[in-house]
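*Asks:* dropping the sequence and predicted coords here.
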Amino acid sequence: MTTIDEIKQSLEIVPVPGIKRSVIGLNMVREINVSDGKVDILLASTGMITEQQDWVKSKIQEAVKNLPGIKDVVVNYSSIKAKELNKIDRIIAVMSGKGGVGKSLVSGLIAIALNREGYEVGIMDADITGPSIPKMFGIKSRPSGNEDGILPVLSKLGIEVMSINLLLPSEDDAVIWRGPLIGNTIKQFGEDVLWGKLDYLIIDLPPGTADAPITVMQAFPISGVIVVFTPQDLVEMIVKKAVNMARKMEKKVLGVVENMSYLYVPEIDKKIEIFGKSRGQELAKVSNAPLLGQIPIDPELARLCDAGEIERFDGDILKDLSESLRKILLTTSN
Ligand SMILES: Nc1ncnc2c1ncn2[C@@H]1O[C@H](COP(=O)(O)OP(=O)(O)O)[C@@H](O)[C@H]1O
Ligand SMILES: [Mg+2]
């Protein structure tokens, strides 16, 4: 006899159109009942238009009918709000005291590192004023949705991405919004986006220590914050400000990342500290948090970001980042 667990297992391969994660991964299966060879499945219709619902229904019937002893499969839909389906284990916010330090790049690398470890990962591009995540990941397609929620777009490696850039009429449209509107949009990302089951959601925060990052941090149950900085003048003051802000909001600082630490010149086998002497260790101490990485200026990395192919990046930077993430995440509870 087929059990409910076996039915669930067979649904692992039924994808939701447009995102390609399974109905199980997106947590859309609400109820399964089996009696006398008849299976009743109740599914959330969240984010799907009628044609998509019909398609998923037929795929579910195909998958379940093949199981031993099953004669009939009935699929019904129920309208459920996205936020009721979201089960996110940990939310990590990436912040910086100022713009242009590589906050988005580090958010992207963290997501890739966790994805390569086998985790289900999403990135929320909450930097409404400079949304750059979709470009780095080469994402052009638009999210689809219905009145109960919108589906994120899946990257090539299977990372869920949501950004205001994916919702604007044209990718190049500038976003000039007032504070409250930014706050509302971000809240909607939490409530209306069907992230489904995720191990980690990485939030690329707006830069600085003004209202915008605070609004985002208040809107989500963030497990911890990672602070990105570059070795430039006044960096200590900027990092302190960011760390204090996180502390004031009672968010744990999981670690700090120094970006653009140096440039390695292979011809002379030398590291040149272009933006000044590295302050990584010193600032980790000031922040009372571990130094998760010192990322060099890497022309190949910049090229891949520009080409929308950050996921093809490989190298010690990513390995080191994975290693330090593993250390801090294993020792931190929610
Ligand atoms: N370590 C690095 N090596 C090469 N280019 C980098 C590095 N870090 C950032 N960049 C480039 O610098 C620019 C700004 O980075 P970005 O992550 O968008 O900054 P932020 O999100 O803090 O504004 C991007 O074009 C990015 O590709
Ligand atoms: Mg950015």
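*Replies:* That came through, no problem. Ligands and ions are numbered 1, 2, ... in the order given.
*Asks:* of all of the stretch 1-150 of the chain, which residue lies closest to ligand 2?
*Replies:* Using CB to the ion, residue 104 is the residue of the stretch 1-150 of the chain that sits closest to ligand 2, at 3.2 Å. Every C-beta, even on glycine, is put in place using the N, C-alpha and C of the backbone.
*Asks:* contacts only, for that residue.
*Replies:* Residues touching residue 104, when contacts are defined by CB atoms under 8 Å, 6 or more residues apart in numbering, comprise 125, 127, 130, 132, 133, 136, 204.
*Asks:* residue 191: neighbouring residues, count only.
*Replies:* For residue 191, the count of nearby residues is 14 (other CB atoms under 10 Å).
*Asks:* so it: helix, strand or coil?
*Replies:* Applying DSSP: H, G, I helix; E, B strand; the rest coil to residue 191 yields a three-state assignment of helix.
*Asks:* wait, it sits on residue 82?
*Replies:* Yes: in this structure, residue 191 is within contact of residue 82 by CB atoms under 8 Å, at 6.7 Å.
*Asks:* still on that earlier bit, now the contacts of residue 104: which count as buried?
*Replies:* Listed as buried from the contacts of residue 104 are 125, 127, 130, 132, 133, 136, 204; burial here means 16 or more other CB atoms under 10 Å.
*Asks:* does the second one touch residue 207 like I think?
*Replies:* Yes: with contact defined as CB under 8 Å, residue 127 reaches residue 207; the gap is 7.0 Å.
*Asks:* now do the buried residues in stretch 19-34.
*Replies:* Within stretch 19-34, the residues that qualify as buried by neighbour count (16+ other CB under 10 Å) are 19, 21, 22, 23, 24, 25, 26, 27, 28, 29, 32, 34.
*Asks:* residues contacting the second one?
*Replies:* The contact partners of residue 21, taken as CB under 8 Å, 6+ apart, are 15, 154, 158, 160, 196.
*Asks:* in PyMOL, how would I select the buried members of those?
*Replies:* Selecting only the buried members of the contacts of residue 21 in PyMOL, with burial defined as 16+ other CB under 10 Å, works like this:
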select buried, resi 15+154+160+196
